[in-house]
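Enquirer: Here is the input, now give the coordinates:
(chains A and B, ligands or ions: 2)
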Amino acid sequence: MTLNGGSKNGELVIDVRGLTKRFGDLVAVDDLELKVPRGAIYGFLGPNGSGKTTSIRMVCGLLKPDAGEGRVLGYDVLSQSSEIKERVGYMTQKFSLYEDLSIRENLEFIARIYELGDADGRVDRALENLGLVERQTQISGKLSGGWKQRLALACCMIHEPDLLLLDEPTAGVDPKARRDFWDRIRRFAAEGVTTLVSTHYMDEAVQCDSIAYIAYGKKLLDARTADIPAMIGLHAWSIEGPDLARAADLLEQEPGVELVARFGTAIHACGKDRAALAAAVQRVSARESLHAEEVEAGFEEIFIQLTAGRENEQFTAGQATAGKARA
Amino acid sequence: MNLFELSWRRVKAIFLKELVQMRRDRLTFAIMVMMPVMQLVLFGYAINTDPRHLPAAVELREDGPMTRSFLASLKASSYVDIVAVARNEEEGERLLRSGKASFLIVVPEGFERRLVRQERPQLLLAADASDPVAAGGVVSAVSEIARRAFAPDFEGPLSYLSASPAPYDIVVHRRYNPTGETAVNIVPGLLGVILTMTMVMITSIALTREIERGTMEMLLSTPVRPIEVMIGKTTPYVLVGAVQTIIVLCAAAFLFRIPFTGSWLAFLAGISAFIAANLMLGYLISTVARTQMQAMQLTFFVFLPSILLSGFMFPFRAMPAWAQALGEALPITHFLRVIREVMLKEAGLADVWGDLWPLLIILVALASLALARFRRTLD
Ligand SMILES: Nc1ncnc2c1ncn2[C@@H]1O[C@H](COP(=O)(O)OP(=O)(O)OP(=O)(O)O)[C@@H](O)[C@H]1O
Ligand SMILES: [Mg+2]
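Expert: Ligands and ions are numbered 1, 2, ... in the order given. Okay, the predicted model is just below:
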C-alpha cells in the first residue's frame, strides 16, 4: 500500500466539518462532521434519501459543498480534489462502468486513467481475484447485477487507493460474495486502507468499527459500533402469539412503548424506560395470552427508533414554520 | 490549476475507450459512413438531371408570327411542358399560384413591334419560388429556347437583330434566388455539409451520453482532466471525418468528374481545421446539453444555419448583412470558400489563408469555451 504525503499513521483520513449541500429548497446534507481515522472501517447508515450518497460525493470532490471545510487524506476538500481523486477509490451506488465495454476493457480503462505502471499485470490480477479470467471478454452490460457490483468493486480498487468510499457496494450481492467482500475490506484495513461504506444491511453494520447514522441530512449518531447499544439504552421485548397485528395495535397505545416492529414470527416492542416497557408488555400479553420475553435490542431496532424520533421532530418543526408563515 | 496541462496517457486511455465503443456501436458507425454516400446520391441525382419537362404556362399578350414561333419552340423543347396558354394576366397568375404551372412565360404587348425597333423588349419569366433548383435550370433554358426560336425570324430583313447580345431582355421574377450552382460547385460544398452534420452530431452527445448512462460519475471520480476528456473523446472521430472526406473526394473525381485543381497542402490545412472546429462545436454542445435529446436539438440548431447561411444553398453575398455576420461565425462558411477555391480555382495555401485564420480562431474559441464550460462536479 502506498503511503501518501498527506496523512500519517493515526491521523484522520477524513476530517470534515459543517458540510452542507442544498438542492433548491431541500437541504440534502446539513452540517455534517465526519472524522474517520486511518485504517478504520466506518459504516455510513441511514434511511433512503437521508443524504449518504450526497455526503460521499462531497468527500471525494464530486459535489461542491455549499458550506463546510476540512481535509481528506490531508488535502483540502474544497480546493485539492484532483489530489484527493488520485488516492480515493469511489464505488458508485449505481453501476457506472461502461456497459458496452468488456470486463477486461473496463479494468484496463481505469488502470490507464490512473496512469498505473504494469496495467496489464494489475488487470490480470484483478481478474483472478474476481474469478473472471475466463469471462474477461464478456460485455459488462450483460453481467448479472451481483457480478456488476463485484466488477465495480474491483475497478475502484485497481489503483490501490488509500481511502475507499463505497456506496452500498453489496446491494444485490449474494451472501457468499458479501462475506468475501468483507474479508477483503478487513484485509485492506489491516494494511492501513481506510473505508467509508454505506449499507442498509445490519449484519454489515456490526462489522464496522464505527457507525455514523444520518437521517434527513443530519447526523444523529456517530460512535464506535460496540458502544452504540449502551449509548442508546434501548430495551426490547419479543412477543409471539396468534393475533400479532392486534397485539401490535394495543402495544403502540401503551405508555413506555416507543417502537413496535415485526421481526419474523414475532414482534419487538422497544422503549428506553425498562420498567415501563416491561409493565406495558406484560399487561398486553396477559390480556391477549401472548408469549413475551425480554431480548437484547438489535441495531435494526435502534436505527428504526432513531429515525422514528426524528420523523416526529421533523413533522413538528415543519408545523412550527408553517404556523409562523401564517402568522 | 493550468487548464492546458495534460497527461497523454490519460488522453490515450479515453481515445482507446471511445474507439472500442465506436466499433461496438455498429449502427452509428454505418450511418456515419453511409451518410456521404446517401447525400451524394441524393444531391448528385438532383444535380445530374437538368430540370426537364417542368410544367409551364405561357401568357401571350400579343399574337404575331414571331410570338407564335416562340410558342412552338417552347412546346417542342424538353425543358418545359406547356400546360396552358393564358389569355390574360389573371389567368396566368392563377396557374402559377395553384401550382399547375411552375413557370409563367409572358410575352408582353408590342413585343414584336418593339423588337423590330430595337427597343429591347422584355420577356418575363415568373418562377415558382418553391423550387429554386428547377428555376435555375429553366432560366438558362428559356434564354436558349428564345434564341433558337427567334433565329429563323432574324434572317433576311431582320438580320440586324441576330447580333449578340439578343435584342430583348429576359426578366426573371422569383422570390428565391436560385443558386445557379452547378455540380462542380455543390459537391465540394457537400463535403462541408456532411462533415458538419456528422462531426457535430456525434460529439454533441460525447458528454451527455456519459451523464445519461451514469458513467460520468465514475469518470469524474478519477483524476482525469477536462482537456484530456476533450481530446480523448473527439480525436476518434477525426478518423470518421477522414473516411467521409475520402468518400466524397472519390465521388467528386470519379462520379462527377470534378477536377481538383489547387494545392493538397491548402486542402489538408483547411479540412483539418474544419474537422477540428466541428468536433469542438459538437463538444461544446455536449457541455451545454443535459440530455442526448437536447444535444440533438442543439445540433439541428447549428445545422440549419450551416446549410442556409453558409453559402452552400444560397449565394452568401446576396444575404442581408446580419445573416452574413452570422454566417461568418460558422466554420462551414469559411471551409466552403477554402474548398471551392482549392478544388476549382487552383488556390494554394496563401490564397486560402484569408479563410484559414478565421477557421483557426473559431476552433480555438470553441475549444476554450468548451473547456471552461466543462463541469468537474456533478452539480
Ligand atoms: N442532484 C440532485 N438534485 C436534486 N436533489 C438531489 C440530488 N441528489 C440527491 N438529491 C436529494 O437529496 C436527498 C439525499 O439523497 P442521497 O442520494 O444522498 O440519499 P441516500 O442516503 O444516498 O439514499 P439511498 O439510501 O436511497 O441511496 C434526497 O432527497 C434526494 O432526492
Ligand atoms: Mg445513496
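Enquirer: Any stretches of the stretch 51-200 of chain B with poor pLDDT?
Expert: Along the stretch 51-200 of chain B, the parts satisfying pLDDT under 70 run over B:51-53, B:97-100, B:128-140, B:155-165, B:173-185.
Enquirer: Just give me the neighbour total for the residue in it that ligand 2 sits nearest to.
Expert: In the stretch 51-200 of chain B, the residue that lies nearest ligand 2 is residue B:200 (36.0 Å; C-beta to the ion). In this view, the C-beta of every residue, glycine as well, is placed from N, C-alpha and C. Burial of residue B:200 is recorded as 28 neighbouring residues (other C-beta atoms under 10 Å in any protein chain shown).
Enquirer: contacting residues for the closest residue to it other than its chain neighbours?
Expert: The spatial neighbour of residue B:200 that comes closest, neighbours along the chain excluded (C-beta to C-beta, 6 or more residues apart in numbering or on different chains), is residue B:282 at 4.1 Å. Residue B:282 makes contact with B:199, B:200, B:201, B:202, B:203, B:204, B:206, B:234, B:299 under the criterion C-beta atoms under 8 Å, 6 or more residues apart in numbering or on different chains.
Enquirer: Tell me the secondary structure of residue A:105, please.
Expert: Following DSSP: H, G, I helix; E, B strand; the rest coil, residue A:105 is assigned to helix.
Enquirer: And the nearest residue to it once chain neighbours are set aside, what's its pLDDT?
Expert: The spatial neighbour of residue A:105 that comes closest, neighbours along the chain excluded (C-beta to C-beta, 6+ apart), is residue B:20 at 5.9 Å. pLDDT recorded at residue B:20 is 92.
Enquirer: List, one by one, the residues from chain A near ligand 2.
Expert: Residues of chain A lying close to ligand 2 (C-beta under 5 Å from the ion) are A:52, A:53, A:93.
Enquirer: Could you export those residues as CSV, including pLDDT?
Expert: Listed next are these as CSV, based on pLDDT from 0 to 100:
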residue, pLDDT
A:52, 96
A:53, 96
A:93, 93
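Enquirer: Can you add distance to ligand 1 and give the residues you listed back as a markdown table?
Expert: What follows is the residues of chain A next to ligand 2, written out as a markdown table (distance: C-beta to the nearest ligand atom, whole Å):
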| residue | distance to ligand 1 |
| --- | --- |
| A:52 | 3 |
| A:53 | 3 |
| A:93 | 5 |
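Enquirer: top of those residues by neighbour count?
Expert: That'd be residue A:52 among those, by other C-beta under 10 Å, with 25 neighbours.
Enquirer: Identify the residues contacting that residue.
Expert: Contacts for residue A:52 were tallied using C-beta under 8 Å, 6+ apart; they are A:44, A:45, A:46, A:167, A:198, A:214.
Enquirer: Contacts only, for residue A:66.
Expert: Going by C-beta under 8 Å, 6+ apart, residue A:66 touches A:20, A:21, A:22.
Enquirer: Need the pLDDT of it.
Expert: So, for residue A:66, pLDDT stands at 95.
Enquirer: And the one 5 residues further on, by the same measure?
Expert: Per-residue confidence for residue A:71 comes out at a pLDDT of 95.
Enquirer: On the three-state scheme, it is what?
Expert: Applying three-state DSSP: residue A:71 is strand.
Enquirer: which of the contacts of residue A:52 sit farthest apart?
Expert: Taking C-beta to C-beta as the measure, those span a maximum distance of 13.1 Å, between A:167 and A:214.
Enquirer: Who has more neighbours out of these two?
Expert: The neighbour count for residue A:167 versus residue A:214, taken as other C-beta under 10 Å, is higher for residue A:214 (25 against 22).
Enquirer: what kind of secondary structure is that one in?
Expert: Quick answer, by three-state DSSP: residue A:214 is strand.
Enquirer: shouldn't it be in contact with residue A:48?
Expert: No - using C-beta atoms under 8 Å, residue A:214 makes no contact with residue A:48, being 11.5 Å away.
Enquirer: Can you tell me which of the contacts of residue B:282 is nearest residue B:60?
Expert: Using C-beta to C-beta, the contacts of residue B:282 come closest to residue B:60 at residue B:299, 51.0 Å.
Enquirer: That closest one is in what secondary structure piece?
Expert: Using DSSP states H and E, residue B:299 falls within helix B:292-308.
Enquirer: related to what we said a few turns ago, quick check: helices, which of the contacts of residue B:282 are part of them?
Expert: Among those, the members found in helices (DSSP state H) are B:199, B:200, B:201, B:202, B:203, B:204, B:206, B:234, B:299.
Enquirer: what's the most distant pair in those residues?
Expert: The largest separation in the ones in helices among the contacts of residue B:282, counting by C-beta to C-beta, is between B:234 and B:299 at 14.8 Å.
Enquirer: who's more crowded, the two?
Expert: Taking neighbours as other C-beta under 10 Å, residue B:234 and residue B:299 compare with residue B:234 leading, 26 against 23.
Enquirer: State the pLDDT value of that one.
Expert: 95.
Enquirer: My read is that it contacts residue B:206, right?
Expert: Yes - using C-beta under 8 Å, residue B:234 is in contact with residue B:206, at 7.0 Å.
Enquirer: what secondary structure does the spatially closest residue to residue A:196 that is not a sequence neighbour sit in?
Expert: Of all residues not flanking residue A:196 in the chain, residue A:42 sits nearest, at 4.8 Å (C-beta to C-beta, 6+ apart). Secondary structure for residue A:42, judged by three-state DSSP, is strand.
Enquirer: and the residue in the stretch 151-300 of chain A that chain B sits nearest to, how many neighbours?
Expert: Across the stretch 151-300 of chain A, the shortest distance to chain B (C-beta to the nearest C-beta) belongs to residue A:155, at 7.9 Å. Using other C-beta under 10 Å, residue A:155 is surrounded by 23 other residues.
Enquirer: now do residue B:238
Expert: Residues near residue B:238, counting by other C-beta under 10 Å: 14.
Enquirer: How many residues are close by residue A:288?
Expert: Residue A:288 has 17 neighbouring residues, counting by other C-beta under 10 Å.
Enquirer: try the one 5 residues further on
Expert: By the measure other C-beta under 10 Å, the count of residues near residue A:293 is 11.
Enquirer: Skipping adjacent residues, who's closest to it in space?
Expert: residue A:238 (5.7 Å).
Enquirer: any idea how far that neighbour lies from ligand 1?
Expert: Distance, residue A:238 to ligand 1, by C-beta to the nearest ligand atom, to the nearest Å: 28 Å.
Enquirer: three-state assignment of that residue?
Expert: Classification of residue A:238 using three-state DSSP returns strand.
Enquirer: Enumerate the beta-bridge partners assigned to the spatially most central residue of chain A.
Expert: By C-alpha atoms, centre = their mean, chain A has its centre lying nearest to residue A:198, at 2.2 Å. Assessed by DSSP bridges, residue A:198 has beta-bridge partners residue A:44, residue A:167.
Enquirer: For it, which residues are in contact?
Expert: Residue A:198 neighbours (C-beta under 8 Å, 6+ apart): A:43, A:44, A:45, A:46, A:52, A:53, A:56, A:93, A:166, A:167, A:168.
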